[in-house]
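A.B. asks: predicted structure and sequence below. I'll ask about it afterward.
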Amino acid sequence: MESEVELRKGGDQEPNPLVARDRSLLARHTFAPMNRTTAVGLPVVAALALLGGCGQSAPPAPSAPPPPTSVQDADPCSFIAKSVVTENDLKQASDDKSKTSRSCSWTSASFSMMVLVRWDSDSLIDFSQAFPLLVGSEDIGGLDAVVGKSGARPSCAAVFFVDEGTILEIVVGDEPPSTADSACERVRTIGAGAVRKIRDQGLLTSAPVPTSR
């Protein structure tokens, strides 16, 4: 099984033409005091505690975290539908966060995958190096995406512009003898579902930045 790091490594490939066209686009985006208790009162307090603390207030329940307001704030693991996890017997392998990215990776008996959100200016450079065989621009789930394949392993990825200066990347690495084309089919299916989940969370309220002009 390929690891997440192996999926994202690029070979010594010539930069993809996608970079020259799109890197400048990313570069323009801005990212109460305790009561005294007498010796006589102590047994009474203990008895009340044993009886369930009658007359005492229950501690407040912890408040739920606020919903995310952007793709950057959202948990990328939430972009994968439970049906996809169940059908493919996916096991979550990691959930990582840095200053400029968040990712969630999964493994199964037949393939591994990663959902990656990045908002740094080198994201397209890394994408083109890891997946130098450009498949082309496609509509996946109602968003423009750029799909690329690896030349060294049966893996494929799609990159979406989901917000100003922010990309979503869906990466799939199949196990041999499967092919990169098969991995790209998984990318399209999983990517469409991820876009739908992001939209359901209200995080695609503005028009996405197009991947080509």
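C.D. replies: Right, received. Where do you want to start? Residues are numbered from 1 along each chain as shown.
A.B. asks: give me the below-cutoff pLDDT ranges for the chain.
C.D. replies: Low-confidence segments of the chain, defined by pLDDT under 70, are located at 1-61, 205-213.
A.B. asks: so where do the strands sit in it?
C.D. replies: According to DSSP state E, the chain carries its strands in the segments 91-97, 101-107, 111-118, 133-140, 143-149, 155-163, 166-174.
A.B. asks: so which of these comes closest to S83?
C.D. replies: In this view, the strands of the chain are compared for proximity to S83 by Cβ to Cβ, and strand 101-107 is the closest at 13.6 Å. For glycine as for every other residue, the C-beta is placed from the backbone atoms N, C-alpha and C.
A.B. asks: run through who's touching the closest one.
C.D. replies: Contact with strand 101-107 is made by 1, 4, 72, 74-77, 79-80, 85, 90-97, 112-120, as judged by Cβ atoms under 8 Å, 6 or more residues apart in numbering.
A.B. asks: so what strands line up beside it?
C.D. replies: Taking DSSP bridges as the criterion, strand 101-107 forms sheet pairs with strand 91-97 (antiparallel), strand 111-118 (antiparallel).
A.B. asks: report the buried residues of it.
C.D. replies: Along strand 101-107, the positions that meet the burial threshold by neighbour count (16 or more other Cβ atoms under 10 Å) are S101, R102, S103, C104, S105, W106, T107.
A.B. asks: next, the angle from it to strand 166-174.
C.D. replies: Angle between the axes of strand 101-107 and strand 166-174 is 20 degrees (criterion: axes from the mean of the first three to the mean of the last three Cα atoms, to 10 degrees).
A.B. asks: report the backbone C-alpha coordinates of strand 101-107 in CSV.
C.D. replies: C-alpha atoms of strand 101-107 as CSV (Å, rounded to 0.1, in the frame of the first residue of the first chain):
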residue,chain,number,x,y,z
SER,A,101,-3.0,22.9,4.7
ARG,A,102,-5.3,20.3,6.1
SER,A,103,-5.5,16.7,5.0
CYS,A,104,-7.3,13.4,5.6
SER,A,105,-6.1,10.1,4.3
TRP,A,106,-7.7,6.7,4.0
THR,A,107,-6.6,3.2,3.1
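A.B. asks: show me what the longest helix along the chain is packed against.
C.D. replies: Counting residues, the longest helix in the chain under DSSP state H turns out to be helix 180-200. With contacts defined as 3 or more Cβ pairs under 8 Å, 6 or more residues apart in numbering; DSSP states H and E, helix 180-200 has these neighbours: strand 111-118, strand 133-140, strand 143-149, strand 155-163, strand 166-174.
A.B. asks: repeat that with 10 Å
C.D. replies: Identification of packing neighbours for helix 180-200 by 3 or more Cβ pairs under 10 Å, 6 or more residues apart in numbering; DSSP states H and E yields helix 82-87, strand 111-118, strand 133-140, strand 143-149, strand 155-163, strand 166-174.
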